[in-house]
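1. predicted model and sequence below, questions to follow.
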Protein chains: 2
Amino acid sequence: MVKMLRKTSDEIKKLGKDLVNKIAKGQNPFLDVPIRSLSNVFYDQKSKLIKLGNRSSKRFLFNVAHIRKFVQTSEVAANAKDLIEAGKHISLRQAFYMMRRTIPGTNIDIVDEQEESNKAVEDLELITGYSREQLNINANKNGAAAGKIIIKDKGDTIDWSKLGSGGWAIPSNTEDIQFKKVNAKFVLYMEKAAIWERLHEDRFWDKMNCIIVASQGQATRGIRRLLSRLHHEHKLPVYVLTDFDPWGFYIYSVLKYGSISLAHISDKLAVPKIKFLGLTAEDIDNYSLRKYIIKFKDVDKKRLEQMRKYRWFEGKKDWQRQFKKMKEMKGKVELDALVTKGVSFISEKYLPEKIKKKDFLD
Amino acid sequence: MVKMLRKTSDEIKKLGKDLVNKIAKGQNPFLDVPIRSLSNVFYDQKSKLIKLGNRSSKRFLFNVAHIRKFVQTSEVAANAKDLIEAGKHISLRQAFYMMRRTIPGTNIDIVDEQEESNKAVEDLELITGYSREQLNINANKNGAAAGKIIIKDKGDTIDWSKLGSGGWAIPSNTEDIQFKKVNAKFVLYMEKAAIWERLHEDRFWDKMNCIIVASQGQATRGIRRLLSRLHHEHKLPVYVLTDFDPWGFYIYSVLKYGSISLAHISDKLAVPKIKFLGLTAEDIDNYSLRKYIIKFKDVDKKRLEQMRKYRWFEGKKDWQRQFKKMKEMKGKVELDALVTKGVSFISEKYLPEKIKKKDFLD
């Protein structure tokens, strides 16, 4: 891992040297930055991922229209190099403050708004091919994990099956975790911490030989990278447990196909083989949950219509059926409603049966 | 602990038996419920806590205006008893679903809205004197902790100094954690996970012999109870680290004095001796941070005016000075701005110096 980090900072140094050399030679140095706008984002049928196209634009130092962004990207690169060499990590917000310094001899700050520094960080991701976590700029921290795995992280050996009721707090950056002993057969990710606590109290991960991971709402980059690494490095199937609702479905969509805003790192964050194990229209009928339908607001209806039309759900019969039935039901149903069948119904019957029957949506 | 839990369920059983006996005798049973409205909440100068007054109202079974709430409270009591006996916990949302059952022979559900079940849970807290965590109905899960303490929880021994970059994920319910070995000298709570990650990466807790705890935004009940227990059971001072902003100050206010909505359990959740270690107007000048003032929106201004007038900040010169200066600055300053002095400035200089000089606000 250390070797890899050194490589990252070496690469940034090379970038800087190239720029300096070009200036010394009287040339006009430029950064070649892949274009991130919607027009350059597409759904790749082959990899089944939302990806960035190969259009890019050159950003020159000696160009009045380019120089501000050029300097911002160079500044992030310099900061990232320092952070990597010091072995320290900062947040996006902190990166913004670091970049708000005034250029000596002027009254110009390198950035005025966080929007600018965020974009500069994304530019550097694109130029170097490293994720911002690898550039030591972390995303949000959120979520908990428990289960049949022993990891090593920052010199500590941590057994996720021996962490009491709380579990392991997932860090913002899961790039450097080492998986020492993986006894789990699969990973179950859920969007709600209360469901995680239900499964954890029932020691679901012990009975089912798995790992349980929860965020609260949309999964952080740290969680996405964790799921992706467990899947790609240890061939663990990953299942997603959400409510029967457009927002839950969207969480699945992002985990599986990636997202438009992070299209440039779908390879690292997405798990194309992930399966949906959450509430389906069929579950709602099988378990007589129609009583618990929560009527849609306009915003939910609109979201559902958007989802139906996503390229990656086109021709997916199972999903189109869910969308259609959801539209007919005019509402959503929460996983919590399963508690009406018994407190531990979800961990003792609902999930084990669905997993046994391979009753997944793909 | 088991004994205590038994006691809780015994008390609920007694409540039920009393009701049944009264019905058998042809009497009209009632629940005596303390009134939770603002008119019955006051700031207690002696304990320095926001508390509930002693006005209560009787809620009768055989009274058309009372029966719905009477049944709801009895239903929560029955559910809580079952949960305690089964050793299982549910969330407020799940409690709502459990209570949505239809009364046999009618088409009436015990509750229609979560508002109703939430209130019934609060009623039961008030009637029994147990917190809802003790009634096995949990709040939200959020937050992480690290530091010089070894706890025992659910049979696992967990050393908070050996949990890698993530730390221990704080559960929704911290009532049953056992503190086995406390080597920490104080607890530092912060509202931002990114600041926690900064301090954790710098092993602040190791150098300063402490425990660091973070939520993301307002502290959960689980975190508040954790801080309160560490303070009351182990005499650890607790310090609060927030931005210089009305919302950060309010987080401090809630941790110290309690809140109006949870006035009935201020004793359990609040830490009257908690100290503010966050950004002050003086810090902003000492460290030349005025450049980083973020202009107030109307909502911030309004919040500041409300804070100034809180009874518990009346006559507190240090705090009134902060409020006044904040009003003059017309904006807030974030802790993250300290990164401009150096990535680890906060953990190597800012905090150690303030702690050494006892530069707290009380």
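-> Sure, I can see it.
2. now A:N138. Nearest residue, chain neighbours left out?
-> With Cβ to Cβ, 6 or more residues apart in numbering or on different chains as the criterion, A:N138 has its nearest non-adjacent residue at 3.9 Å, and that residue is A:S172. Using the backbone N, CA and C atoms, a C-beta is placed for each residue, glycine as well.
3. quick check: that neighbour touching B:I195?
-> No. Checked against Cβ atoms under 8 Å, the pair A:S172 and B:I195 is beyond contact range at 12.0 Å.
4. make sure A:L188 is indeed in a helix.
-> No. Counting by DSSP: H, G, I helix; E, B strand; the rest coil, A:L188 is not found in a helix; it is strand.
5. partner residues bridging it?
-> When assigned by DSSP bridges, A:L188 has beta-bridge partners A:I212, A:Y239.
6. what's the local residue count around it?
-> When counting by other Cβ atoms under 10 Å in any protein chain shown, one arrives at 25 neighbours for A:L188.
7. contacts only, for it.
-> Taking Cβ atoms under 8 Å, 6 or more residues apart in numbering or on different chains, we find A:L188 in contact with A:199, A:204-205, A:210-213, A:238-239, A:241, A:277, A:351.
8. with those residues in mind, which one is nearest to A:N54?
-> A:V238 (28.9 Å; Cβ to Cβ).
9. for that closest one, give me its contacts.
-> Under the contact definition (Cβ under 8 Å, 6+ apart), the residues listed for A:V238 are A:186-189, A:227, A:230-231, A:255, A:271, A:273-275.
10. can you do 7 Å?
-> A:186-187, A:189, A:227, A:231, A:271, A:274 (Cβ atoms under 7 Å, 6 or more residues apart in numbering or on different chains).
11. now A:F313
-> Applying Cβ under 7 Å, 6+ apart, the residues contacting A:F313 are A:307, A:319-320.
12. the helix ranked longest in chain A and chain B in contact?
-> Ranked by residue count, the top helix of chain A under DSSP state H comes out as helix A:2-24. No. Helix A:2-24 does not reach chain B (Cβ under 7 Å from any Cβ of the partner chain); its nearest approach is 14.2 Å.
13. chain B contacts on the stretch 201-350 of chain A?
-> Applying Cβ under 7 Å from any Cβ, we find that the stretch 201-350 of chain A lies next to chain B at A:201, A:216, A:292, A:336-337, A:339-340, A:343-344.
14. how many other residues sit next to the spatially closest residue to A:R221 that is not a sequence neighbour?
-> In space, and not counting its chain neighbours, A:R221 is closest to A:A139: 4.1 Å by Cβ to Cβ, 6+ apart. Counted by other Cβ under 10 Å, the residues lying close to A:A139 total 20.
15. before we move on, the earlier item: rebuild the residues of the stretch 201-350 of chain A next to chain B as JSON lines, extending it with distance to A:S57.
-> Converted to JSON lines, these look like this (distance: Cβ to Cβ, whole Å):
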{"residue": "A:E201", "distance to A:S57": "53"}
{"residue": "A:Q216", "distance to A:S57": "38"}
{"residue": "A:Y292", "distance to A:S57": "51"}
{"residue": "A:D336", "distance to A:S57": "48"}
{"residue": "A:A337", "distance to A:S57": "50"}
{"residue": "A:V339", "distance to A:S57": "53"}
{"residue": "A:T340", "distance to A:S57": "56"}
{"residue": "A:V343", "distance to A:S57": "57"}
{"residue": "A:S344", "distance to A:S57": "56"}
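16. what's the ChimeraX syntax to select whichever of those are buried?
-> Buried residues within these, by 16 or more other Cβ atoms under 10 Å in any protein chain shown, are selected in ChimeraX with:
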select /A:201,216,292,336,337,339,340,343,344
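17. ok, so of the residues of the stretch 201-350 of chain A next to chain B, who is nearest A:V64?
-> For these, the closest approach to A:V64 (Cβ to Cβ) belongs to A:Q216, at 45.3 Å.
18. what lies in contact with stretch A:277-294?
-> Here stretch A:277-294 makes contact (Cβ under 7 Å, 6+ apart) with A:239-244, A:248, A:322, A:325-326, A:329, A:331-333, A:335, A:337-338, A:341, A:354, A:360-361, B:97.
19. ok, the residue nearest to A:R221 to A:K301 distance?
-> 31 Å (Cβ to Cβ, to the nearest Å).
20. pull the contacting residues for A:F70.
-> The neighbours of A:F70, taking Cβ under 7 Å, 6+ apart as the test, are A:31, A:59-61.
21. please report how far it lies from chain B.
-> 22 Å (Cβ to the nearest Cβ, to the nearest Å).
22. report pLDDT for that residue.
-> Looking at A:F70, its pLDDT reads 96.
23. cool, and A:Q178?
-> 98.
24. pretty sure it sits against A:G155.
-> No. Proximity of A:Q178 to A:G155 does not meet the contact threshold set by Cβ atoms under 7 Å, at 10.4 Å.
25. so these two - more neighbours on which side?
-> Ranked by neighbour count (other Cβ under 10 Å), A:Q178 and A:G155 place A:Q178 first, with 11 against 7.
26. check contacts around that one.
-> Contacts of A:Q178 (Cβ under 7 Å, 6+ apart): A:151-152.
27. swap in 10 Å and give it another go.
-> If you count contacts by Cβ atoms under 10 Å, 6 or more residues apart in numbering or on different chains, A:Q178 has them with A:1, A:150-153, A:157, B:164.
28. equivalent analysis for A:G147, please.
-> A:159-161, A:163, A:167-168, A:182-184, A:186-188, A:199-200, A:203-206, A:208-213.
29. again, only using 7 Å
-> A:G147 makes contact with A:160-161, A:184, A:205, A:210-212, according to Cβ under 7 Å, 6+ apart.
30. count of residues packed around the nearest residue to it once chain neighbours are set aside?
-> Nearest residue to A:G147, sequence neighbours excluded (Cβ to Cβ, 6+ apart): A:I211, at 3.3 Å. For A:I211, the neighbour count with other Cβ under 10 Å is 26.
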